[in-house]
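Engineer: no sequence on this one, just coordinates:
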């Protein structure tokens, strides 16, 4: 029973997690984690109209433009990935 | 016996039982294998029919890879041309053989009639024969049939094997063994048994892919005689002497030393090339012990004698340096195969992976040369076959087009799987063939299988057709269509057309509605077959159309336009089998038609159907019934038409006693009649058969009853007028009373009809109840049980009719019957009492509840499940509705008895018992019941404790948590581990059931949870985590954050637990905390370890982070730490949009 569960329940949980973007693992780098955070933040702004209109007022832009810019910025929100040094 | 001129008459009588039995025995004897008893029943070959075993006759040949040849510009042998030539040769051979057989038969018939061995020969003949034998064998004793068998066979000439001597030798035996029966059969029928095949096989120019030596494999090592050496080894050297056999003793069976060489002589069999004595002994099954430890393979799960012959080469130690590369490869493959076939699961797994990885390295040839013979082994078992098929499947993927030369060989082995009885074997076979066709390509598959399409043997054509349908489903119907068209129009042989049409049929059966896009093409492909000059082709075409129509239903009628006319004309032209097939096709096409046109077609076919109602052919009867059913189900046919044109003849032909005798006919007739009733109405059908309820044949009455039940159940009884009602109820009561075997059918019928009639049965109730009362006192337990069951079903209706008097009478009689000793009957009686109590209510119940309940208490101790369930249901009902009628002391007594029921196997009983605790606690107050349950936590049995905890929770739910939680907390202070765990468990259920109410109790259980969560015992922490989970979810948003945060601090360190149940519970508790405390708080816990230097820590924290993230990713945005200071170079980590403000 226990060995069976060890092989199913928890590994299954990890597999399930791995299927979604934004989840992490023990070897995740700082850059990757922060990129996810930034994307979540941007998506949250686009998805919450009050937040988007707040930013639009602060920026003096149209709400549509703010949303557009946020969406655009989701591509590499923290700049290009750092070169790997191994 | 009827005269030969009136075959009809013969059909209407059945042969005497003993004759049928004799035929059955003969049929059995014919393919009996004298060694089968020792062989395991798991062997596939041993449980298959003769037809299935025809696969052993097939040979596979290499099919050249034309594509490769074209690429390399070389000519290869064994191409399509060669295959066709071989196939023609085979056909010719078959033809010649048949002519020779016919001639022999003729000669025999003319020559000596006395060879008719079905008759007992006259006495003088027997004596003469015995003398002959004595003279021929030179011994006094009759030879045993199994002694010299191998010699016999070797000596026998291919054609003279059933020579006169052999026949006469066998004749005088009293027992009808196959040795005296088969010769005549074999000579006269084309069917050939295995024993006479060996010589024939030798003549075949090709080498069969595996040579099965009959009799050899079955040599039983367990029953052989011990040799002198073995006896020496077993017995002590002193104290024993070897006694000389008495003079005149002739051994009954030859000692094995002499039989061993004769075995190796069996025709056509090579055991092994090497002369290694040990391997030879092992192969012959004579080695004292079969090895389970093979050099280079390790230990195996099992090793069969038959395996030795295939794996002889790796059974002995060899000097590997002397072997060539190919030989090494061969041995490597053999080792891997042996591991896969006979190894333990882990061994098998690694070996399977190795053979898959190295498949291309080994090459198709060496691999299949080893695998395929194993699959044709007669003693193969399901598991072995499954594994070997799996190997082929894996290897196929890797080999891809390298497999081409072996396609035919593989097909020969795999095709039989397609007609296996086992569903999974069929699926496996399909899978392999579909992979094979994807690997080899359509062109190669066609060129390989084309020669088998008009093979002389029907078995080969059948399996080939099925294989082709798999190819079609794998590569798409359109790609195969041109080929199919050509085959179905073949001018050369009707066999090809037959097989082509069968392929289409199989495609339809296998692919179902997926044939719709190609329906017209497929129909056109086979349409002309309806007018074929060969009857078999016409029949198959009709069957193919039936399959297509069935697959396409309810669409696609337009595709069948072309065949409608030939089909409807055909039913007037044909008789017998082909008519049956045509009718079948029509039956499946009718439901596709437009309602406007369908009535015309139905009228046309009805004439034929009605004519065929008279048929004596069982198959035809079935099909006619099916078609009538399909006709009745179509929208276009009017009730009027059915009533006038179909019903009279239908009832005349099928509603006769004889139909009730055969199970399949019975079912078909009932189904069809119910379908007709949907159109014709209840009154029409029931009116026609209701008188038969008083028929003298019981099976027939049952058939009538079942039909009435089904009709009334689906259509109700409102159509039934008063006169019919009288006849119906009368008939039902009669047939119920007259039944000799108590049957569910009668019971269901009675219940259904009475419930459908409802208040209209009132006038008959007195009669019905007196029947029940009378039967309740019957001396047969079954009858009493049935009467009680009937009461259960009728209780509601009796109440509806206002006959409370009758109910109370029944209740009293049932009460008196509670001393019943047969548990099944007792269960029914209690259930009936329960049903009555249910409808009359506790206050009006007679006997009064206060008398009834004490009577139930001792019955609770009955161990029978049915009794337990009925009792607990009744008691639960009384506790729920009328607890006040019973003194508290009685309830307490019942509480103690109920504890025993918590051990019951059936979940329903346990659940009912636990619920009863709730009802009792509600009426008595929780204190006493709770005390009983808490004390029960001390018992040994886990299941009993678990159920007690559930019961405690239910008491808490029904009487309010405040009544129970103090008692539980108090009980938790006991030093006993089981009790503490039980208390915790009970709390988990309490908090699960009470939900938001737990907000009032959160603070009171915190100290106990502190204790439990800091306990050394894992289970304590686990259960406490579960409590925390339910608590946290219950109090979410109710202002208990302070105590929850405290609990969170206690739960959190447990996140490093590894035991699966514990970590599961802890993770759940943390998840629940996310809901109560909010994701921000949780994130601050998690951030501590996300980038911890130790990987083990990081892994755990990331797992928790992931669940948190999936649960509340959007809500986390404001809580992410500001990491702008980590920015370096191009990477800026500031979240600028969040830094804006107005």
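Structural biologist: Alright, I've got the coordinates. Every value quoted in this text rests on a predicted model; they were computed, and no experiment measured them.

Engineer: Tell me how many other residues crowd the closest residue to chain A within the stretch 651-800 of chain B.
Structural biologist: Nearest residue of the stretch 651-800 of chain B to chain A (C-beta to the nearest C-beta) works out as residue B:744 at 40.1 Å. C-beta here means a position set from N, CA and C on the backbone, and glycine is covered the same way. For residue B:744, the neighbour count with other C-beta atoms under 10 Å in any protein chain shown is 10.

Engineer: From residue B:646, how far off is it?
Structural biologist: For residue B:744, the distance to residue B:646 equals 30 Å [C-beta to C-beta, to the nearest Å].

Engineer: and chain A, which residues reach chain B?
Structural biologist: Applying C-beta under 8 Å from any C-beta of the partner chain, we find that chain A lies next to chain B at A:2, A:5-6, A:9-10, A:13-14, A:17, A:20, A:22-26, A:28, A:30-31, A:33-34, A:37-38, A:40-45, A:47, A:54-55, A:57-59, A:70, A:78-80, A:82.

Engineer: Only whichever of the residues you listed are buried, select them in ChimeraX.
Structural biologist: Buried residues within the residues of chain A next to chain B, by 16 or more other C-beta atoms under 10 Å in any protein chain shown, are selected in ChimeraX with:
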select /A:5,10,13,17,22,23,24,26,28,31,33,34,37,38,40,41,42,43,44,45,54,55,70,78
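
Engineer: Just checking, which helix or strand of the chain averages the lowest pLDDT?
Structural biologist: All of this refers to chain A. Least confident helix or strand of chain A, by mean pLDDT, DSSP states H and E, is helix A:2-5 with a mean of 42.

Engineer: sorry, should have said chain B
Structural biologist: Per mean pLDDT, DSSP H and E, helix B:198-203 ranks last in chain B, at a mean of 39.

Engineer: Over the helix or strand that comes right after that one, what's the mean pLDDT, rounded is fine.
Structural biologist: Sequence-wise, the next helix or strand downstream of helix B:198-203 (DSSP states H and E) is helix B:228-234. Mean per-residue pLDDT for helix B:228-234: 76.

Engineer: Likewise for stretch B:354-368?
Structural biologist: 90.

Engineer: And for stretch B:509-521?
Structural biologist: 93.

Engineer: Quick one: end-to-end length of it, please.
Structural biologist: End-to-end distance for stretch B:509-521, by C-alpha to C-alpha, to the nearest Å: 16 Å.

Engineer: Could you check that stretch and say which residues are buried?
Structural biologist: Under 16+ other C-beta under 10 Å, the buried positions of stretch B:509-521 are B:509-511, B:515-516, B:518-519, B:521.

Engineer: Just send those back as JSON lines, with secondary structure too.
Structural biologist: Putting the buried residues of stretch B:509-521 into JSON lines (DSSP: H, G, I helix; E, B strand; the rest coil) gives the following:
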{"residue": "B:509", "secondary structure": "helix"}
{"residue": "B:510", "secondary structure": "helix"}
{"residue": "B:511", "secondary structure": "helix"}
{"residue": "B:515", "secondary structure": "helix"}
{"residue": "B:516", "secondary structure": "helix"}
{"residue": "B:518", "secondary structure": "helix"}
{"residue": "B:519", "secondary structure": "helix"}
{"residue": "B:521", "secondary structure": "helix"}
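
Engineer: Can you tell me which of those is nearest chain A?
Structural biologist: residue B:511 (32.6 Å).

Engineer: so that closest one touches residue B:550, yeah?
Structural biologist: No: in this structure residue B:511 lies outside contact range of residue B:550 using C-beta atoms under 8 Å: 11.7 Å.

Engineer: Name the helix or strand for the spatially most central residue of chain A, please.
Structural biologist: Compute the mean C-alpha point of chain A, and by C-alpha atoms, centre = their mean the closest residue is residue A:36, 2.7 Å away. Here residue A:36, judged by DSSP H and E, is contained in helix A:30-47.

Engineer: right, and the helix or strand after that helix?
Structural biologist: helix A:49-59.

Engineer: Other residues contacting that following helix?
Structural biologist: Residues outside helix A:49-59 that contact it (C-beta atoms under 8 Å, 6 or more residues apart in numbering or on different chains) are A:44-46, A:62-63, A:65-67, A:70, B:1137, B:1140-1142.

Engineer: pLDDT averaged over that helix - what is it?
Structural biologist: Rounded mean pLDDT across helix A:49-59 is 94.

Engineer: could you give the angle of that helix to helix A:30-47?
Structural biologist: Relative orientation of helix A:49-59 versus helix A:30-47 (axes from the mean of the first three to the mean of the last three C-alpha atoms, to 10 degrees): 100 degrees.

Engineer: which is the next helix or strand following helix A:49-59?
Structural biologist: Per DSSP H and E, the helix or strand that comes after helix A:49-59 is helix A:63-73.

Engineer: Report the buried residues of that next one.
Structural biologist: Buried residues in helix A:63-73 (16+ other C-beta under 10 Å): A:66-67, A:69-70, A:73.
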